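Q: What shape does this take:
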Amino acid sequence: MNSTSIIYFTCLICLLFFDTTTALASPASRKVSIVTGANGYLGREIVHNLLGYRIPIDNGDDKIICLVRQRRVEEEKRYWNSIAQKNPLPRGCEVKVMAYDMLDGGETLLDALDHAFKDCSSSADIGNDAETDTDVDTECCVYHLASVFSPVDDHRQMALDNVKGAEDVIKAVAKLPSRKTKVVFTSSMAAVRGSGQTPRNGKWYTHEDWNTVSELGANWGASYQWSKAESEKRSWELANKHSIPFVALCPAFIFGPPADGTQSNSYSLTIVRSWIQGDSSVQSRLCVDVRDVARAHVLAGNNAPPSILGQRIILSREARIPSQDLAEELKRIAKETGVGDPYGISYDADFDGGAIKIGEREVECVERANELLGGLEFRSPKETLADMAIALLEMEK
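A: Numbers count the residues shown, from 1 in each chain. Presented below is the predicted three-dimensional model:
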């Protein structure tokens, strides 16, 4: 062998050795999603989307951490175990349920973040058979949904608690040394406008509008709306201060069937049940389907382009459907399915829409959401109502 050949083979061996040791030394990479309020109406739908049960996901999560109240932990574990038995989890993906308290100063969220970044997987995790503790390069997305949405006497304190819970999420993420954690924040149209508020442009609401009229302590509805606007504002301020990648999604009133037709006490289902049974008059609402909202969250958090960061996106149809049209649709559905009382269904003929009349364009958002969220499209309210009625029929069996 001549000197040239010796040099060639020596270099080849060195390169192979370098590649091998580099591969062994480099930490594995993985993706983790953390969902606060994961057992709720929207939360479960988001987790189903993260698992690819709705639409296949490329390069999905390795772990999904569902954060729920302590008293709900065992129930949620049973739920996801039953789901995994019917529909096996994607290969390599685990679901872990952990306790969460949105008023503990961020401690339980920090526990979840610590679990995510230290890769402390255990056999107790759904979909995992062995315990590991490896050096990994982790990308994490926190989907913050948890807030109080129920009529209470002390609605002022409820609103303040919602704001504190939002602030503590951003402060907890800010404590991480890595900037590989982004936050997808569930806000609301209530943060965009209050009752009777005139749009900034004088025509319709956009992502640049903010609720400036709802007053803390005025009544339960006003306090809740104030809390959504203040929670989002404070989250933006803190995220910008700490350079945290942040996206805010502002859905209108969320309708739609619960995940897998499971029993649900969601406010939306309660309302539609009362409409179709004739217990209350059908109301015109600016609405969006829960399945579309969940999909939007995943599109904003999973494999999203950098251009999505720092965006505020409204999720809604652009005009209210007249209550009479919704009532007629519910009557048709009731007759076809046997759900409710088709002859007892009535509609509210008094409400005209307020600042923007029913049937007119109330919000400009569909094209922007479609562009920013990978072609996302919103279902029609009639399709949503029909699917909700079918879900109610299944729940009553």
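
Q: Just to be sure, Val247 is in a strand?
A: Yes: Val247: assigned to a strand according to DSSP: H, G, I helix; E, B strand; the rest coil.

Q: Tell me what it is bridged to.
A: Val184 (DSSP bridges).

Q: Going forward, the N-terminal residue is numbered 61.
A: Renumbered: residue one is now 61, and that last one reads Val307.

Q: which residues does it contact?
A: 242-245, 360-361, 364, 368-373 (CB atoms under 8 Å, 6 or more residues apart in numbering). (Glycine included, C-beta is placed from N, CA and C.)

Q: cool, and Lys293?
A: Ala251, Trp270.

Q: Looking at the contacts of Val307, which are in helices?
A: By the criterion of DSSP state H, membership of these in helices covers Ala360, Gly361.

Q: Of the contacts of Val307, grab the buried ones for ChimeraX.
A: The ChimeraX selection below is limited to those of the contacts of Val307 classed as buried (16 or more other CB atoms under 10 Å):
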select :242,243,244,245,360,361,364,368,371,372,373
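
Q: between the contacts of Val307, which is nearest Asp171?
A: Val243 (17.0 Å; CB to CB).

Q: related to what we said a few turns ago, please convert the contacts of Val307 to JSON lines, extending it with distance to Tyr101 and pLDDT.
A: Shown next, in JSON lines, are these (distance: CB to CB, whole Å; pLDDT from 0 to 100):
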{"residue": "Lys242", "distance to Tyr101": "24", "pLDDT": "95"}
{"residue": "Val243", "distance to Tyr101": "21", "pLDDT": "97"}
{"residue": "Val244", "distance to Tyr101": "17", "pLDDT": "98"}
{"residue": "Phe245", "distance to Tyr101": "17", "pLDDT": "98"}
{"residue": "Ala360", "distance to Tyr101": "19", "pLDDT": "96"}
{"residue": "Gly361", "distance to Tyr101": "19", "pLDDT": "94"}
{"residue": "Ala364", "distance to Tyr101": "23", "pLDDT": "81"}
{"residue": "Ile368", "distance to Tyr101": "24", "pLDDT": "94"}
{"residue": "Leu369", "distance to Tyr101": "27", "pLDDT": "94"}
{"residue": "Gly370", "distance to Tyr101": "28", "pLDDT": "96"}
{"residue": "Gln371", "distance to Tyr101": "24", "pLDDT": "98"}
{"residue": "Arg372", "distance to Tyr101": "23", "pLDDT": "98"}
{"residue": "Ile373", "distance to Tyr101": "20", "pLDDT": "98"}
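
Q: What is the nearest of the contacts of Val307 to Ser383?
A: Using CB to CB, the contacts of Val307 come closest to Ser383 at Ile373, 27.3 Å.

Q: and the gap between the closest one and Asn141?
A: 34 Å (CB to CB, to the nearest Å).

Q: that older thread, would you turn the contacts of Val307 into JSON lines with distance to Ile117?
A: Below are the contacts of Val307 laid out as JSON lines (distance: CB to CB, whole Å):
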{"residue": "Lys242", "distance to Ile117": "17"}
{"residue": "Val243", "distance to Ile117": "20"}
{"residue": "Val244", "distance to Ile117": "15"}
{"residue": "Phe245", "distance to Ile117": "21"}
{"residue": "Ala360", "distance to Ile117": "13"}
{"residue": "Gly361", "distance to Ile117": "11"}
{"residue": "Ala364", "distance to Ile117": "12"}
{"residue": "Ile368", "distance to Ile117": "16"}
{"residue": "Leu369", "distance to Ile117": "19"}
{"residue": "Gly370", "distance to Ile117": "23"}
{"residue": "Gln371", "distance to Ile117": "20"}
{"residue": "Arg372", "distance to Ile117": "24"}
{"residue": "Ile373", "distance to Ile117": "19"}
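
Q: now for the strand or helix carrying Asn222, which elements pack on it?
A: Here Asn222, judged by DSSP states H and E, is contained in helix 215-234. Here helix 215-234 touches helix 167-178, strand 196-204, strand 241-246, helix 280-301, going by 3 or more CB pairs under 8 Å, 6 or more residues apart in numbering; DSSP states H and E.

Q: looking at those, which is closest to Arg129?
A: helix 167-178 (9.8 Å).

Q: Would you mark the buried spots in the closest one?
A: Applying 16+ other CB under 10 Å to helix 167-178 flags Thr168, Leu169, Leu170, Asp171, Ala172, Leu173, His175, Ala176, Phe177 as buried.

Q: looking only at pLDDT, what's the mean for it?
A: When pLDDT is averaged along helix 167-178, the result is 93.

Q: between that helix and strand 196-204, how big is the angle?
A: 150 degrees (axes from the mean of the first three to the mean of the last three CA atoms, to 10 degrees).

Q: Now do helix 167-178: everything it contacts.
A: Counting by CB under 8 Å, 6+ apart, 92, 94, 96, 123, 125, 127, 156, 158-161, 180, 193, 198, 200, 202, 228-229, 232-233, 235-236, 238, 241 sit against helix 167-178.

Q: Right, I'll leave it there.
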